[in-house]
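1. need a structure here:
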Amino acid sequence: MSGFDKDWLALREPADMAARDPALVEQLARALTTSSPQLLDIGCGTGSTYRTLRPKLPEPTRWTLLDYDPTLIAEARRRIGSENGVTFCQLDLNQLDDLPLEGIDCITASALFDLCSAAFCDRFTARVAGENVGLYAALNYDGVMTWTVPHALDAEVVRDFNTHQQGDKGLGPALGPSATSYLKDALTKEDYTVLVADSPWILESDAGELQAELLRGIANAVLEVGNLPPEAVSVWLAFRRDAVAQEGSSCRIGHTDLLAMPSLNAR
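-> Purely as a prediction, here's the structure:
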């Protein structure tokens, strides 16, 4: 499984912070009832989830930040420094049996499970349910993208982008937009209490740099799928880039957050 570019992660972090459903974060804080909760953040990147949640969770909360990419772990170490209660771990998530779950109250993950396969989610669910560990899985893409300034190809672009999202990202053929619903069903069957909330990006013109990079990624994905002629994708991309600066222009990229905690009887 390959990591993401740290510059892209830095660019999207403010949008991610603004998008998270605040009520679900409050529910997570209330669910951490032990005197010194322990969280494991998987696919931690540069530590965005930690930076977002740390001020909102009870003290002292101890964190383990886990990623496959040593470059991202090094950047997380640099940004977080020597703060108490934070450790770092490098691990390929395909090695689910090696997840360091001893003493962990809840796993956190952001923008991760839409990149995972059904088979991976089944193995993951069985692993965490066996240890009675909770899950806060935020910012999973839900397949919906809309723009206030429309273009005739928008629906086809979104369709092909969603097809691309279901390719193998290193953890098997990805669930893409169906990830949250799949996880919800799997965890409900394990007697978890599961809450889901919308957490869309709402990007205005002041997020122009993020929008430009996002549009480039969407166009590249659509070109890889190959249903639309390259010249049509180029026209769509040029239109979208121009529209970013128009007054009143914005885009909505749908995401969902999930919080799942094991039943009290199981703990």
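2. Same question for the one helix or strand L214 maps to: list its buried residues.
-> According to DSSP states H and E, L214 maps onto helix 208-225. The neighbour-count check on helix 208-225 (16 or more other C-beta atoms under 10 Å) flags 210-211, 214-215, 218-219, 221-223, 225 as buried. Heads up, the C-betas are built off the backbone N, CA and C, glycines and all.
3. which element follows that helix toward the C-terminus?
-> Next along the chain after helix 208-225, taking DSSP H and E as the criterion, comes helix 230-243.
4. Check the gap between the residue nearest to D191 when sequence neighbours are not counted and L101 for me.
-> Spatially, and ignoring its direct neighbours in sequence, D191 is nearest to S263 (4.8 Å; C-beta to C-beta, 6 or more residues apart in numbering). S263 sits 18 Å away from L101, going by C-beta to C-beta, to the nearest Å.
5. One more: P229?
-> 49 Å.
6. between these two, which one's more packed in?
-> A side-by-side neighbour count of P229 and L101, using other C-beta atoms under 10 Å, places L101 first with 17 against 10.
7. In contact with that one, which residues?
-> 40, 127-128, 131, 133 (C-beta atoms under 8 Å, 6 or more residues apart in numbering).
8. Now it: phi and psi?
-> Main-chain torsions, L101, degrees, to the nearest 10: phi -100, psi -10.
9. any idea which strand is longest in this structure?
-> In the chain, assigned by DSSP state E, the strand with the most residues is strand 134-147.
10. That strand vs helix 230-243, what angle?
-> Computed with axes from the mean of the first three to the mean of the last three C-alpha atoms, to 10 degrees, the direction of strand 134-147 lies at 100 degrees from that of helix 230-243.
11. Give the next helix or strand downstream of strand 134-147.
-> That would be, after strand 134-147 and using DSSP H and E, helix 154-165.
12. State the distance from A129 to A19.
-> The gap separating A129 from A19 is 28 Å, by C-beta to C-beta.
13. contacting residues for D257?
-> 20-21, 24, 136-140, 196-199.
14. hmm, try it at 6 Å
-> Contacts here follow C-beta atoms under 6 Å, 6 or more residues apart in numbering; on that basis D257 touches 21, 24, 138, 197, 199.
15. can you give me phi and psi for it?
-> Here is the backbone geometry of D257 (degrees, to the nearest 10): phi -110, psi 150.
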